[in-house]
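> Build the 3D model from these lines:
(chains A and B, ligands or ions: 2)
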Amino acid sequence: MRPTRRSLVRLSNIDKRFGNGVLALQGLNLEIGEHEFLSLLGPSGCGKSTALRLIAELGEPTSGSIDWMGRDERSSVHEIGFVFQEPTLMPWANVFDNVYLPLRLKHISRSKAEPDVESSLAMVGLTGFEKSYPRELSGGMKMRVSIARALVTRPRILLMDEPFAALDEITRLKLNNDLMDLWHRQSWTVVFVTHSVYESVYLSSRIAVMTTRPGRVMAEHRVNMPYPRTEDYRTSGLYNDYCRNVSRSLARAMGEEEA
Amino acid sequence: MSEEAPRQRDRSERIERWARVILPATIGTLTLVAWDLVVRINQIPHFILPGPLLVAQSLWNDWGTLLPALLVTLRITFSALAVAVIGGVGLAILFAQSKWVEISFFPYAVVLQVTPIIAIAPLILIYVDNTHVALLICAWIVAFFPILSNTTLGLNSADHNLVNLFQLYGASRWQMLRYLRIPAAMPYFLGGLRIAGGLSLIGSVVAEFAAGTAGQGSGLAFRILEAGYRLNIPRMFAALVLISVTGILIFMFFTLLSHLALRRWHESAVKREN
Ligand SMILES: Nc1ncnc2c1ncn2[C@@H]1O[C@H](COP(=O)(O)OP(=O)(O)OP(=O)(O)O)[C@@H](O)[C@H]1O
Ligand SMILES: [Mg+2]
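Numbering: from 1, shown residues only, chains lettered A, B, ... in the order given. Ligands and ions are numbered 1, 2, ... in the order given. Coordinates of the predicted model:
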């Protein structure tokens, strides 16, 4: 395991109440370390997406603070890559233009951006599909375009909101491995929202378990297993032990709020 | 069996394609024949109901007066449509910039829409000296609203997550408009344009009627009125046919335009292979 060297962003005592009165988060504390693969695990509706959006500065917390370390906040925004639960592509633009978008918004010319777009497409294995339109792609391919778009700015932190939830198991496993591989090679920080215990144990170096709404982090698990992880890991007894522990703590996190 | 299925589907598709042409054409021909028979058998005089052949003949003979009239009507129609597009899209973009502007002005756009054009045309003709400009204004009033309301709807219909994505990358207002809201609004705008094209023709014809023979207008409606006074019913019909055909052509033109603009991506224009 790569040791967590220093903390990148810290969320302290976050409350988030929406305009309609729903209290989505209450007293959320979370620290994200540089280069770690952190999974945010919790039941549906517990505020995972809300927390992720707050980190991306899409919306403000009602109270509490989000502190970025060692960088001024404004520039940090451009170093975030965000992958939504849905592919969220522009249907009128082809694959190239969809991936080019973040650079275009930063006024980088098409010819100057081309190498970055190409290398980012290569990372997700979509070289040759530049001219295709989203409707001509399968669900898994659309998701990969969406990931390529998040990677094109070379973000230091990648926020992913259940990116593979809508995919079939085979594609999901494949993309899991691809993502883990990329992360391992590129030394990014990944925050990965999921409600799958198995997925989180397979991928992450650390798992934060959230309670039911109003959500907060109730338990954290470190997964001390070296990368690259393979199918052997997924069938090992150690993997099962981790899954059991995380499942228990998830059950506790859900039970506590209901009691 | 499994190899037969696609061939069978191909065949039924081909049949449907032909049916789309043949069936309406047959209905049209039958109607014309029936019309002709009714006129002949009952010996209806020409100044009450001319037969289709006579209408065609008068279309041919009066082409010299009808064509310039058609051009006049077309000029008003398309200039009104152009102004409606510029005004409608411009205002819609303004609305998209600020909720307050939209709240302030949208009700008045609705007032323009719900007031029957035939009721305000005489007023406009009184206040505006230049008949041509008055006709233009009338046609514009009818064509303007579908463009405004459709484009406004379209500009606001961009996917919320995409809006968030643009915010995340610090997109300016202009970039948001240029790369997100305008493309998202295209299908809506083109739908509005298709309706507005037909409406601006109707608007200009109605306004010409209101202007009547008093105006120095010489569009198709003016020719219809004139022919009416002279009891030249075949020519009335010929002018009517010309207006209808023009309307259909305008509609088809914008349908094609919309198809070409959207065929790469929008559900309405995409031919899906299953
Ligand atoms: N824009 C909003 N306005 C009002 N309430 C909201 C809004 N967004 C989310 N909520 C509410 O906040 C709560 C948390 O929502 P959130 O989307 O963060 O859950 P989640 O953990 O991501 O769930 P899921 O796993 O189903 O995606 C939910 O009860 C939801 O109804
Ligand atoms: Mg969610």
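> Excluding sequence neighbours, find me the nearest residue to the residue nearest the centre of chain A.
Nearest residue to the geometric centre of chain A (Cα atoms, centre = their mean): A:Met160, 2.3 Å. Closest residue in space to A:Met160, ignoring its immediate chain neighbours: A:Val83 at 4.3 Å, by Cβ to Cβ, 6 or more residues apart in numbering or on different chains. Yep, even glycine has a C-beta here, placed from its N, CA and C like the rest.
> what's the one you found sitting at in phi/psi?
phi -120, psi 120 (degrees, to the nearest 10).
> my read is A:Tyr227 is in a strand, agree?
No: under DSSP: H, G, I helix; E, B strand; the rest coil, A:Tyr227 sits outside any strand and is assigned coil.
> tell me, how many neighbours does the nearest residue to it once chain neighbours are set aside end up with?
Spatial nearest neighbour of A:Tyr227, chain neighbours left out: A:His184 (4.7 Å); criterion: Cβ to Cβ, 6+ apart. A:His184: 15 surrounding residues under other Cβ atoms under 10 Å in any protein chain shown.
> Next: the one 5 residues further on.
Other residues near A:Thr189 number 22, with proximity taken as other Cβ under 10 Å.
> Look up how far A:Leu54 lies from the nearest residue to it once chain neighbours are set aside.
Leaving aside its chain neighbours, A:Thr189 sits nearest to A:Ile157 (4.4 Å; criterion: Cβ to Cβ, 6+ apart). Here A:Ile157 is placed at a distance of 13 Å from A:Leu54 (Cβ to Cβ, to the nearest Å).
> for the closest residue to A:Trp188 other than its chain neighbours, helix, strand, or coil?
Leaving aside its sequence neighbours, A:Trp188 sits nearest to A:Leu158 (Cβ to Cβ, 6+ apart; 5.4 Å). With three-state DSSP as the basis, A:Leu158 sits in strand.
> I'd say A:Leu158 and A:Ala148 touch.
No: contact criterion Cβ atoms under 8 Å: A:Leu158 and A:Ala148 do not qualify, at 11.8 Å.
> from the chain's centre, how far out does stretch B:47-65 sit?
How far stretch B:47-65 lies from its chain's middle: 25 Å, per Cα atoms, centre = their mean, to the nearest Å.
> residues shared between the contacts of A:Ile157 and A:Leu54?
Common neighbours of A:Ile157 and A:Leu54 (criterion: Cβ atoms under 8 Å, 6 or more residues apart in numbering or on different chains): none identified.
> average pLDDT for the longest helix anywhere in chain A?
What stands out as the longest helix in chain A, according to DSSP state H, is helix A:237-258. Taken as a whole, helix A:237-258 carries a mean pLDDT of 85.
> How about stretch B:91-98?
For stretch B:91-98, mean pLDDT is 89.
> Just want the residue of the stretch 1-150 of chain B that's nearest chain A.
B:Lys99 (15.3 Å; Cβ to the nearest Cβ).
> Any figure for the gap between that residue and B:Phe105?
Distance, B:Lys99 to B:Phe105, by Cβ to Cβ: 11 Å.
> more neighbours, these two?
Legend: neighbour count by other Cβ under 10 Å for B:Lys99 and B:Phe105, higher for B:Phe105 (14 against 10).
> Quick check, that one in contact with B:Ser98.
No: B:Phe105 is not in contact with B:Ser98 according to Cβ under 8 Å; the separation is 10.4 Å.
> show me where the stretch 101-250 of chain A has strands.
All strands of the stretch 101-250 of chain A, identified by DSSP state E, counting those that start in this stretch, fall at A:157-161, A:189-194, A:206-210, A:217-222.
> mind putting those strands in TSV, mean pLDDT included?
Formatted as TSV, the strands of the stretch 101-250 of chain A follow (pLDDT from 0 to 100):
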stretch	mean pLDDT
strand A:157-161	93
strand A:189-194	93
strand A:206-210	94
strand A:217-222	92
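> so who does the residue of chain B found nearest ligand 1 touch?
Residue of chain B nearest ligand 1, by Cβ to the nearest ligand atom: B:His160 (9.1 Å). Listed by Cβ under 8 Å, 6+ apart, the contact set of B:His160 is empty.
> ditto for B:Ala84
Neighbours of B:Ala84 in contact, by Cβ under 8 Å, 6+ apart: B:Trp140, B:Ala143, B:Phe144, B:Ile147, B:Ala196, B:Ser200.
> Do you have the helices of chain B handy? List them.
For chain B, the helices defined by DSSP H occupy B:4-41, B:52-61, B:63-97, B:99-114, B:117-127, B:131-155, B:160-168, B:173-175, B:182-211, B:220-229, B:233-262.
> cool, and the stretch 1-150 of chain A?
Per DSSP state H, counting those that start in this stretch, the stretch 1-150 of chain A carries helices over the ranges A:48-55, A:73-77, A:95-105, A:110-123, A:139-151.
> any low-confidence regions in the stretch 1-150 of chain B?
B:1-6 (pLDDT under 70).
> how about a cut-off of 80?
Applying pLDDT under 80 to the stretch 1-150 of chain B flags the ranges B:1-9.
> Just the residues contacting stretch B:21-33, thanks.
The contact list for stretch B:21-33, computed with Cβ under 8 Å, 6+ apart, reads B:Pro52.
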